[in-house]
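**Q** Let me see the structure of the following:
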Amino acid sequence: MRFRAADGGGPPDEETYEGLRGLLTEFTPVVQALPPDAALADVRGALRYFGRDAGELAALVRVRALARYGVDCTVGVAANPLLARMAAHDGPPGAIRTVPGEPRAVTAFLARKPVAGLHGAGPAAVRTLAAYGLDSVDRIAAAPPATLQRILGAATGRRLYEQAHGIDPTPVTPNAPARSTGAEHRFDHDELDPDRRRRALLTLAHELGARLRADGRVARALTLTVRYADRSTTSRTRTLAEPTHHTPALTGAAYALHAALGLQRARVRAVALRAEDLTPAEHAARQLTFDPADDKSRRIEAVTDRARARFGAAAARPAAALDRGTPQGPADDPGGGPGGIPERGPRRRGRGGPPGARGRRAA
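**A** Model (predicted):
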């Protein structure tokens with residue numbers, strides 16, 4: 001299930017999203033949050049209790065979401081999360097798309113869909129497969145499993161082969177560890193100044209780095225999303241040189257993504273950064289350097305983190321960071337701390353782990 005503001009705006013804010021997640025728990029306790037705008041729900045146990053099929057439950061959820069929060073939903077109903085997510089992704093706002101469980105219907109649904117639509121098919125895998133002419137799901141399904149395993153490796157090749165046939169055995173996991181986290185800055189007015197946009201990115205990268213270090217996690221990729229005055233958006237993702245929670249590395253990647261967009265005279269309403277593919281910091285390797293400046297930067301970072309933990313998020317920050325407004329929340333909460341983004345402050349978001357569970361679901 002994907003959420004969008006009924007007036008055609010972007011994803012809901014954090015408070016509204018939590019309310020929508022609570023709405024889903026009125027139907028089933030097996031709800032996996034996929035912030036900022038999606039969720040998975042396993043409704044197998046609710047079908048008999050409510051006396052409705054999965055499509056009817058989805059329609060009921062949509063009506064209540066509109067009535068309570070002014071948020072419309074795109075719902076995918078299928079036998080597993082992979083198909084449900086793909087159905088919800090393709091549908092327009094307000095649509096309820098059901099994928100029948102028969103193999104022929106699943107094959108017809110997946111035919112001619114891009115490989116990137118399969119969960120776990122990253123940009124590198126998509127490029128590699130395209131070089132061999134495997135640029136759609138039906139072509140992957142027709143390829144011998146051994147061929148895919150030689151191209152992508154045993155585990156990845158086997159998983160994509162199963163997904164190309166509509167097979168997804170992973171369960172819906174409530175409260176799964178976040179696989180990404182992000183923050184957004186909304187400007188007071190349409191921003192034309194690239195320097196001010198870079199200052200906003202510096203602020204967001206500083207907050208993301210501090211949050212990742214506090215959580216003991218590192219990011220493998222960074223995504224920049226730019227929202228324009230006409231509410232359209234552009235998103236770009238860059239894989240980091242190594243898994244990191246080091247603020248200068250995140251800032252450099254954010255600046256590179258911004259420069260690559262070439263936004264000249266674009267009227268920018270908001271910018272957002274999202275740290276992707278999170279993993280525990282103790283499981284990540286770091287390339288050692290002989291640069292004393294790098295060691296000094298990391299020591300200063302550690303001291304800054306201790307100051308923020310003791311005195312609040314505004315205790316230490318880059319001199320070039322944007323000025324903060326009135327506090328919007330607890331002092332130690334990067335999603336609403338002192339010195340916040342004008343009017344709204346950055347929003348903390350995370351996305352759940354891999355989707356899952358067999359059975360009829362609204363996703």
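**Q** rest of the way, CA atoms for contacts and neighbours
**A** Will do.
**Q** what's the offset of stretch 227-234 from the middle of its chain?
**A** Averaging C-alpha coordinates over stretch 227-234 and over its chain gives two centres that are 18 Å apart (C-alpha atoms, centre = their mean, to the nearest Å).
**Q** Sort out which residues of that stretch are buried, please.
**A** For stretch 227-234, the neighbour count (16 or more other C-alpha atoms under 10 Å) marks R227, Y228 as buried.
**Q** got it, and stretch 216-226?
**A** Under the neighbour-count criterion of 16+ other C-alpha under 10 Å, stretch 216-226 has R217, V218, A219, R220, A221, L222, T223, L224, T225, V226 buried.
**Q** Surely L110 is in contact with A141?
**A** No. The criterion here is C-alpha atoms under 8 Å, and L110 misses it with A141 at 9.5 Å.
**Q** which residues are in contact with both of these two?
**A** Contact criterion C-alpha atoms under 8 Å, 6 or more residues apart in numbering; residues shared by L110 and A141: A164.
**Q** and these two? which has more neighbours close in?
**A** For L110 versus A141, the count of surrounding residues by other C-alpha atoms under 10 Å is larger for L110: 25 against 21.
**Q** ok, residues contacting the longest helix along the chain?
**A** For the chain, the helix reaching the highest residue count under DSSP state H is reported as helix 194-215. Contacts with helix 194-215, where a contact means C-alpha under 8 Å, 6+ apart, come from 181-185, 191, 218-219, 245-247, 250-251, 254-255, 258, 264, 271-273, 275, 305, 317-318, 320-322, 334, 346.
**Q** The very next helix or strand once past it packs against which elements?
**A** Scanning forward in sequence from helix 194-215 by DSSP states H and E, the next helix or strand is strand 217-228. In this structure, strand 217-228 makes packing contacts with strand 233-244, helix 247-261, strand 268-276, strand 279-280, judged by 3 or more C-alpha pairs under 8 Å, 6 or more residues apart in numbering; DSSP states H and E.
**Q** would you turn the buried residues of stretch 216-226 into TSV with pLDDT?
**A** Putting the buried residues of stretch 216-226 into TSV (pLDDT from 0 to 100) gives the following:
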residue	pLDDT
R217	89
V218	91
A219	91
R220	89
A221	91
L222	92
T223	91
L224	92
T225	90
V226	91
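**Q** can those go into TSV with extra columns for distance to D37?
**A** Formatted as TSV, the entries for the buried residues of stretch 216-226 read as follows, by distance: C-alpha to C-alpha, whole Å:
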residue	distance to D37
R217	22
V218	23
A219	20
R220	22
A221	20
L222	18
T223	16
L224	16
T225	14
V226	16
